[in-house]
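Q: Quick one: sequence and predicted model below, then my questions.
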Amino acid sequence: MALKLHGIPMSTCTTRVLTCLHEKGLDFELVPVNLFAGEHKQPPFLAKNPFGQIPVLEDGDLTLFESRAITAYLAEKYKETGCDLLRHNDLKEAALVKVWLEVESQHYHPAIYQIVYQFFVLPLQGKTADQAIIDVNLEKLGKVLDVYEARLGTTKCLAGDFYSLADLHHLSYTYYFMKTPWASLINSRPNVKAWWEDISSRPAFKKVAEGMTFGEK
Ligand code: GS8
């Protein structure tokens with residue numbers, strides 16, 4: 001039975017999973033969820049994700065939510081297919097992938113999420129962005145990116161000289177962030193800039209980015 005991904009092509013968390021599916025060259029069906037009609041808060045969808053959020057993956061009788069858990073599942077299940085995103089054959093490399101997966105979710109995401117949310121999402125809802133929140137998070141993100149700049153001066157990608165799930169997890173939010181007035185946070189750091197250009201030009205992500213129309217004004 002084909003994998004079913006419930007979500008929409010412009011959603012950051014959906015695109016995180018879409019990128020993984022394309023990286024692995026897997027067949028899947030994208031089942032659109034009408035967020036504007038509140039479909040994700042109705043009982044049929046809540047039965048798949050009680051938090052009422054996209055994405056959800058269905059693989060036969062297994063139903064998963066949380067995009068990072070879904071990509072980890074796909075990377076495990078299809079480890080022999082396409083790029084080995086978790087470095088199964090090397091314990092130390094695999095451990096470093098896990099470190100940088102945590103860095104993304106614990107340090108990078110909280111700051112970049114706020115900026116993307118304030119700049120793109122609130123205006124779409126007819127609300128005004130809070131520049132003070134943006135400023136605080138730009139400062140936080142800058143500090144995280146200083147760590148990345150040093151790290152990426154020693155290795156090509158975050159966990160080592162190889163592309164991994166840790167890099168993949170950065171794609172969706174950074175893609176939208178690069179469309180804000182603050183892209184210089186990435187571009188002014190040569191190692192981070194080179195890494196971003198490298199990971200965002202992978203065919204799997206380029207395909208996904210075609211659907212990321214959020215923020216196009
Ligand atoms: C977050 C899911 C999420 O925020 C994950 O899957 O990684 N930690 C979860 N989903 C958003 C769309 S993200 O573009 C969503 O469903 N928003 C609608 C809502 O919360 O009502």
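A: That came through, no problem.
Q: Alongside the ligand, which residues does the chain contribute?
A: Within the chain, the positions near the ligand by Cβ under 6 Å from any ligand atom are Ser11, Thr12, Cys13, Leu35, His40, Gly52, Gln53, Ile54, Pro55, Glu66, Ser67, Arg68. C-beta here means a position set from N, CA and C on the backbone, and glycine is covered the same way.
Q: max-length helix in this structure?
A: The single longest helix within the chain, with elements called by DSSP state H, is helix 131-151.
Q: What is that helix packed up against?
A: Under the contact definition 3 or more Cβ pairs under 8 Å, 6 or more residues apart in numbering; DSSP states H and E, helix 131-151 sits against helix 109-116, helix 184-187, helix 190-200.
Q: By mean pLDDT, flag the weakest helix or strand of the chain.
A: helix 122-124 (a mean of 91; mean pLDDT, DSSP states H and E).
Q: Now do that one: distance to the chain's middle.
A: Put simply, helix 122-124 sits 21 Å off its chain's centre (Cα atoms, centre = their mean, to the nearest Å).
Q: would you list every one of the strands in the protein?
A: For the chain, applying DSSP state E gives strands covering 3-6, 28-31, 56-59, 62-65.
Q: how about those in a markdown table, adding mean pLDDT and mean neighbour count?
A: Shown next, in a markdown table, are those (pLDDT from 0 to 100; neighbours: other Cβ atoms under 10 Å):
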| stretch | mean pLDDT | mean neighbour count |
| --- | --- | --- |
| strand 3-6 | 98 | 20 |
| strand 28-31 | 98 | 15 |
| strand 56-59 | 98 | 21 |
| strand 62-65 | 98 | 15 |
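Q: want to throw the ones you listed into a markdown table with distance to Gly142?
A: A markdown table is the format used below for these (distance: least, Cβ to Cβ, whole Å):
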| stretch | distance to Gly142 |
| --- | --- |
| strand 3-6 | 34 |
| strand 28-31 | 35 |
| strand 56-59 | 34 |
| strand 62-65 | 32 |
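Q: so where's this protein uncertain?
A: Filtered on pLDDT under 70, the chain yields the residue ranges 1, 215-217.
Q: Return the residues in contact with the nearest residue to His40 once chain neighbours are set aside.
A: Using Cβ to Cβ, 6 or more residues apart in numbering and skipping residues adjacent in sequence, the residue nearest His40 is Gly52, 4.9 Å away. Residues near Gly52 by Cβ atoms under 8 Å, 6 or more residues apart in numbering: His40, Lys41, Phe45, Leu46.
Q: Just give me the neighbour total for the second one.
A: Under the neighbour criterion other Cβ atoms under 10 Å, Lys41 is assigned a count of 11.
Q: how far away is the residue in the chain sticking out farthest from the centre from Ala37?
A: In the chain, the greatest distance from the average C-alpha position (Cα atoms, centre = their mean) is reached by Pro43, at 26.7 Å. Taking Cβ to Cβ, to the nearest Å as the measure, Pro43 falls 14 Å from Ala37.
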